[in-house]
Every structure is written in structure tokens, then in C-alpha cells.
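Sequence and predicted structure are below.
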Amino acid sequence: MLAEIITIGDEILIGQVVDTNSAWMAQQLNSAGIRVKQITSVSDEKQHILTALAEAAIRADIILITGGLGPTRDDITKNTLAEYFGVSMVENEAARDNVLQIFEKYKRPMLEINRLQAQVPENCEVIVNKNGTAPGMWFNERGKIYVSMPGVPFEMMYMMEEQVIPKLKASFKLPVIIHQTILTVGEGESFLSQRIADIEDSLPAHIKLAYLPKPGQVRLRLSGTGEDEALLTSEIAEYASAIIERVGNFVAAEEDIPLEKVILNFMTEKGLTLSVAESCTGGYISHLFTQHAGSSKVFFGGAVSYSYELKESILGVKNETLWQYGAVSEETAVEMAEGALLNFKSDYAIAVTGIAGPDGGLPDKPVGTVWIAVACAQKTVRKKFTFGSKRQQNIERSATSALFMLNTLLRDVEK
């Protein structure tokens, strides 16, 4: 069973709004056993929408549409769908009552433009929007299922979870789709591919391996399709075990979670705490940890110390160290990490100091030079990295490398 997602809105095409709806919808469909064939974004223009609908019907069995369902003039999805199916617009009682209830609840006068929200193509089955005024619409036409939903993310999400996905499951006999993701850090995609080439070659036709790289890490995703869930789960687990054994120390997690979450989970379980001393990463490492709920059980905080003065006053880096070796040096990174450990009274500490770029490089310390140190009471590890000339990439790669070093030290010391 194949699906296509169509998102409607000029705001997506000009980059004003990031299309997070499609990614979330694709995850939900995949979990239900429905493969997404294509994701398309189109403008608020009738002919563009009509063309996208016609082309999607050639490729997919299920067409999911978001956006263009509001009360304003640029919201043309309903009328365009009516034209596509060659039907008239009618007022739907359930949709009208829903709009009335919402305005009564907030004690606001309802304008005529809001009443028009209850107008829908006559061939649709209305999906009542429990979180807004724009109704969803389900069409079973020409051997295809079309579902139109609001573009407002939380309205669409509730509609998908509570009504659309259950209705799709009831309408079709769907296969089982299972994924298992292995997070690797510190080894490039091409080298990983060489290491596991024979395992990849031995995969049966119904199991695929995907490489999902980002700076400093690669996710290996095994995906299988079948009818017997238990058998498929067992098969994928067998191949995953073979890959994990082959890749060895580069494996950071055996599930699809980010590296910082792997660390948080481990440190929470062990009752350990963490602080940071960041220079060139400018608080990015702190952000990675604190974006996760419950991070305060582990993450104490730290310092973003660009200047010599702050490195000295907050972290206790020696003045002579900075002037003799420079801020970007092994000696400074070590003193930053051990200073954070001492002054912030955490069990572990990360320190990063480097030249993120695009300027500031020196002949012996070009842009992309980064020193990272990770410390605990028993041990301090340090490593020099030479990345590229792109500032954001250097920041991300520095953070990933620091997390990998921390994860490795944790496993060595706490095993």
C-alpha cells in the first residue's frame, strides 16, 4: 500500500515555514504498514494543486493533503478538491456545529467567513476537527483514498492519530514494517560500508539497509516488510546483531535515539552528573542535552568561556597555560575540563576549545582545529581534531566528537 503526501502553502516554498508535517506523517504511516512513495509541496494555486492530485493518483493508493483549509482567501484546498472531483460544495451539519461550539466556548462572535468553514465538497466524509474550525475530509474516489487535513501541526496530528490512521487500518489489510536502527559514531559511511559489505550482500529481498550520515555519526537502519511480525522481528534482530558485532566500538546505541540521549539515559541509570566548559561550540553541547525532558537529573550546567579572563576566573585555567600554549591547546582543554569538574562538582565534565571559523586560523592552528577533553575523578582523556572550514559543521562535529569521547569514557569507567 503506497501513500503520497501533498503539503500546500507558499510559506513552505519560500522557506518561511519548515515542513515538519510531512516527516511526522511519514513516520505514522510507516508504523501502520503504509509506505510513502513521494512527498510533494505545492503553492496556493489551483492548477498546481490539481496537477499534483492527478499525478499523485498515478503513483499512490492513498493521498494525504495538508494545508489551505483556513477561512482566508488564500485557503483554496476545499474548492479545488470539489473541482477535482467534479462536485458541488454543501454545508455539513457536524462541521457547522463544531465551529459554533468553538466560538461559543471562547465567547467570541462568529463571522460569516468562519461559517464558511462548514462548506465541504458533497462527496466527502467529514472528519471533525476537535482542535480547530477547519474540518478534515475523507474521499473514497476512483479507487483511491484522499484525506485532506489542516496544515496547523497540532490539529493535523490529533486528526491523524485519533481518526485517519485507525480508519486506514480498518480499510486495508496492511503488512508489517519493522525498523531497527544502530547508531555509530567516529567512523565514516564508506568505511562502515566496507566493514559490513558481506552482511549487506546477504540480506534477503524483503530487508534493506540504509546509511543515514550526519557530521561525525552514521545511523544504520535495517527495514523489513512482511506478514509475520514475530518472524520478521527475529530476522532483523539477527542481522542487526551481526552488524553490531562487526562494527564493534563504533556502536553508540542499538536504537534510534540521538547520542546525547544515550548518554543521558546511561548517566541517569547510574546516578551520575555532568558539566560542560564550552568555547568554540558556544553552548551547542548544552543545548543538545537540555532539549531532552529530564536532563536536569544529569546535567548541572557549565560555562561558555570565550575569553582568557573567563577561562581563568570561572574554570581555573592557569594564566601561564593560556599565554604559553594558547586557548586552543591540549593543556588548556585539559585544565578547562578538570576545572569544570572541580568548580561545578559534577562526576564528569566535557571541555571543547577550538577555531570554528571562518576566520581566526593560524599557520600551526588552522580553522577547524579543535581540542576536546573529557574528565572524571579517575581519568582525563584528550584528543585533537582537525575539521574543515565551515563554521556550523565544525561546531556540530566538535559536539559529536565530544559526546563520543564522553560515551566511551563512561563505558570504560562505569562498566
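Cool, got the structure. Here the structure is a predicted model, which is why all the values come from computation and not from measurement.

Give me the mean pLDDT for stretch 70-80.
Predicted confidence along stretch 70-80 averages 78 (mean pLDDT).

Then stretch 28-43?
In this model, stretch 28-43 carries a mean pLDDT of 94.

distance between the ends of that stretch?
The straight-line separation of the ends of stretch 28-43 (CA to CA, to the nearest Å) is 25 Å.

do stretch 351-358 as well
21 Å.

Flag every buried residue along it.
Buried residues in stretch 351-358, counted by 16 or more other CB atoms under 10 Å: 351-357. C-betas here are computed from N, CA, C, even on glycine.

will you turn those residues into TSV that also has secondary structure?
Shown next, in TSV, are the buried residues of stretch 351-358 (DSSP: H, G, I helix; E, B strand; the rest coil):
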residue	secondary structure
351	strand
352	strand
353	strand
354	strand
355	coil
356	coil
357	coil
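
so which of the residues you listed comes closest to residue 249?
Nearest to residue 249 out of these is residue 352 (CB to CB; 21.7 Å).

In a markdown table, list the buried residues of stretch 351-358 along with distance to residue 345.
Conversion of the buried residues of stretch 351-358 to a markdown table gives the following (distance: CB to CB, whole Å):
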| residue | distance to residue 345 |
| --- | --- |
| 351 | 16 |
| 352 | 20 |
| 353 | 22 |
| 354 | 26 |
| 355 | 30 |
| 356 | 29 |
| 357 | 34 |
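
What is the burial count for residue 161?
When counting by other CB atoms under 10 Å, one arrives at 11 neighbours for residue 161.

How about it: what's its closest non-neighbour residue?
Leaving aside its sequence neighbours, residue 161 sits nearest to residue 28 (CB to CB, 6 or more residues apart in numbering; 7.2 Å).

Looking at this structure, which helix is longest?
Ranked by number of residues, the top helix in the chain under DSSP state H is helix 391-414.

Just the buried residues of the one helix or strand the residue nearest to residue 161 maps to, please?
For residue 28, the element it lies in under DSSP states H and E is helix 20-31. When burial is assessed from 16+ other CB under 10 Å, helix 20-31 yields the following buried residues: 21-22, 25-26, 28-29.

just stretch 308-319 next, same as before
Buried residues in stretch 308-319, counted by 16+ other CB under 10 Å: 308, 311-312, 314-315, 317.

Quick one: end-to-end length of it, please.
8 Å.

For residue 240, see how far away residue 220 is.
Distance check for residue 220 against residue 240: by CB to CB, to the nearest Å, it reads 8 Å.

and for these two, which residues touch both?
Common contacts of residue 220 and residue 240 (CB atoms under 8 Å, 6 or more residues apart in numbering): residue 182.

if you count what's nearby, which of those two comes out ahead?
Taking other CB under 10 Å, residue 220 and residue 240 do not tie; residue 220 has more neighbours (23 against 19).

hang on, that one in a helix?
No. Note on residue 220: no helix contains this position according to three-state DSSP, which reports strand.

Once you drop chain neighbours, what's closest to it?
Once flanking residues are discounted, residue 220 sits nearest to residue 182: 4.4 Å by CB to CB, 6+ apart.

now residue 385
Nearest in space to residue 385, with sequence neighbours left out and distances taken as CB to CB, 6+ apart, is residue 370 at 4.6 Å.

for the stretch 1-150 of the chain, what spans make up the helices?
According to DSSP state H, counting those that start in this stretch, the stretch 1-150 of the chain carries its helices in the segments 10-13, 20-31, 46-59, 77-85, 93-105, 112-115.

The longest one: which residues count as buried?
Of the residues in helix 46-59, those with enough neighbours to count as buried (16+ other CB under 10 Å) are 49, 52-53, 56-57.

Of all pairs in those, which one is the farthest apart?
Checking the buried residues of helix 46-59 against each other with CB to CB, the farthest-apart pair comes out as 49 and 57, at 12.8 Å.

and residue 179, how many residues sit next to it?
Around residue 179 sit 14 other residues, with neighbours defined as other CB under 10 Å.
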